[in-house]
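With the input below, show me the fold.
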Amino acid sequence: MSLVALGLPALPPRAPHGAGHLRGSEKFPAAAQHELADAQLRRNLAKATTTIREKRLDVTAELPDWERLRDAGAAIKTDVMNRLPELLEQFEAAVTARGGIVHWAADANEANDIVTRLVRETGSKEVIKVKSMATQEIGLNEHLASAGIQAYETDLAELIVQLGDDTPSHILVPAIHRNRAEIRQIFLREMDGVRADLDDDPAHLAAEARKFLRHKFMTTPVAISGANFGIAETGTLGVVESEGNGRMCLTLPQTLITVMGIEKLIPEYADLEVFLQLLPRSSTGERMNPYTSMWTGVTPDDGPRKFHLVLLDNGRTAALADKIGREALNCIRCSACLNVCPVYERTGGHAYGSTYPGPIGAVLTPQLAGMDGKDDPNSTLPFASSLCGACFDACPVKIDIPALLVELRHQKVRESSFGVEAAAMRAASVAMASSGRFTFAQKAAGLGRLMAGKKGKISTLPPPLRGWTAARDIPAPPKQTFRQWWNSAAGQAEIAQARREGRS
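Take a look at the predicted model:
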């Protein structure tokens, strides 16, 4: 999304937010606590997500069949996951028949090695890139740099992130955490040839980026892209974008290398009718995306002379075999769930420590990368949600993200050998298995009234229960338990009266 379309706020700059800010080994609660302390970040996020949310609601309300479109999108993606091996073979055959060369990559290392080898074969030391979540997932830019190859991001927000030695914080708008003043500083500091009197007007910032990138478009012989869709029927790939940089990358270079996650397939060309209505409305709040670029293999005297397609697994096959993972793979990367999520709006994307932030990232990342062991940062991601359900309501392919998060939480607690929750449940089981023990537990719980005091709420519990009251108060236990009331004279009199009146 462009700076002009988003209307980034004209706010004072924050402290530098470099790549070191992303602490991949840090769990979400600690990372979120750090991000919450940044008031400027919250203002940036609130401005941007509110703008996108309002635009999305306006354009989806225009369609009387919006819910039917969502149903159709969900059905198509479910069909793809059910037939993925078959459709991948059909897709490979169609791409190959039209002059493309297909490579299969089991993991990030294999994908990086394939792309690096293909670039080296061209003799180029530079590549231009279309915004791609898949290449971010595998760390392609860093791998190319280690091989002496410089990758230039051409999406404006990605360029801002790259020049600022930063990391993306949003699926659609990677620099959503930045404001205009910060972007101006980055351009003045890092961009070659920028004019010294550059101000923070979005149109002026975009013009400087265009000038910087135009030379790269015209002189770099290799481009690397992702893909929004791959069509099994024809071997066609598609990229949708808002700035025209994708069109330049996909048509001008001599060699095009596309890295595509295997879940991005759709069965037939006609299926695009559904997704080209769902995706722009859900992602940018536009009725249609400004640029839709589609290519099928190699066409003589038009576009790249060589086309390579790298089909990326990197955990997707394992996710496909899991009920939760299979539904999560339906995601079309629209970012609608991020824009409505109250947790994301307050913490931003860096707190998730993942290529895929927000509600869908809290599901997808543990599926692709695992969440083994209590010290695995991914193990806290399923808990990074209020379970309000807004993400489910916004998802264009109706992924029930809250239900998936609840199931992942269940799996994590079940697999945990010891924890406060597990210990509490075992203690409750022991108490409830005996009438005497249950009565004793009720009496013991009554001591909580002393902790609550006059305000009638327990605000702080001692370890190991302190975490529970860190974010909520507990009401004081009642003066009388249900069992005590039942056995009391007053209780029995009320029960008898209810029976006489036919209320029992």
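
just checking, what's the longest helix in this structure?
Criterion DSSP state H: the longest helix present in the chain is helix 39-61.

Who are the packing partners of the next helix or strand after that one?
Proceeding N to C from helix 39-61, the next assigned helix or strand is helix 66-82, under DSSP states H and E. Helices and strands touching helix 66-82, by 3 or more CB pairs under 8 Å, 6 or more residues apart in numbering; DSSP states H and E, are strand 265-266, helix 272-283. From N, CA and C alone the C-beta is placed, and that goes for glycine too.

Quick one: residues in contact with helix 66-82.
Helix 66-82 has contacts (CB atoms under 8 Å, 6 or more residues apart in numbering) with 60, 63, 87, 263, 265-267, 271, 274-275, 277-278, 320, 326, 329-330, 332, 395-399.

buried ones in the helix or strand hosting residue 494?
Taking DSSP H and E as the criterion, residue 494 maps to helix 489-500. Residues of helix 489-500 classed as buried by neighbour count (16 or more other CB atoms under 10 Å): none.

now swap in stretch 140-153 and tell me
Buried, per 16+ other CB under 10 Å, within stretch 140-153: 140, 141, 143, 144, 149, 151, 152, 153.

Turn the residues you listed into CSV, including distance to residue 31 and secondary structure.
As requested, the buried residues of stretch 140-153 are exported to CSV (distance: CB to CB, whole Å; DSSP: H, G, I helix; E, B strand; the rest coil):
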residue, distance to residue 31, secondary structure
140, 24, helix
141, 22, helix
143, 25, helix
144, 27, helix
149, 31, coil
151, 27, strand
152, 29, strand
153, 24, strand
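
Out of those, which is nearest to residue 243?
Checking the buried residues of stretch 140-153 against residue 243 by CB to CB gives residue 153 as the nearest, at 11.6 Å.

returning to that earlier point: deepest-packed of the helices and strands packed on helix 66-82, please.
strand 265-266 (a mean of 26; mean count of other CB atoms under 10 Å).

how far does whichever strand or helix holds residue 450 sit from the chain's center?
Element membership for residue 450, per DSSP H and E: helix 448-452. Put simply, helix 448-452 sits 42 Å off its chain's centre (CA atoms, centre = their mean, to the nearest Å).

Tell me which other helices or strands that helix touches.
Helix 448-452 packs on strand 457-458, strand 474-475, going by 3+ CB pairs under 8 Å, 6+ apart.

any idea which helix or strand comes after the last one?
Where DSSP H and E defines the elements, the next helix or strand beyond strand 474-475 is helix 482-487.

pLDDT weak spots in the stretch 401-504 of the chain?
Applying pLDDT under 70 to the stretch 401-504 of the chain picks out residues 416-422, 448, 504.

got any ranges where the chain has weak pLDDT?
1-25, 373-375, 416-422, 448, 504.

all strands of it, in order?
Along the chain, the segments classed as strands by DSSP state E run 101-105, 126-129, 150-153, 222-225, 229-231, 236-241, 255-261, 265-266, 291-296, 306-312, 457-458, 474-475.

Out of the ones you listed, flag the one nearest residue 34.
strand 150-153 (25.9 Å).

Could you single out the most deeply buried of the helices and strands packed on helix 448-452?
When these are scored by mean count of other CB under 10 Å, the highest mean neighbour count falls to strand 457-458 (a mean of 18).

Provide the contact partners of the helix holding residue 450 at residue level.
By CB under 8 Å, 6+ apart, helix 448-452 touches 458, 474, 475, 476, 477, 479.

so who does the last one touch?
This points to residue 479. residue 449.

Would you mind measuring from it to residue 456?
Counting by CB to CB, to the nearest Å, the separation of residue 479 from residue 456 is 11 Å.

related to what we said a few turns ago, any of the contacts of helix 66-82 buried? List them.
Buried among the contacts of helix 66-82 by 16+ other CB under 10 Å: 60, 87, 263, 265-267, 271, 274-275, 277-278, 320, 326, 329-330, 332, 395-399.
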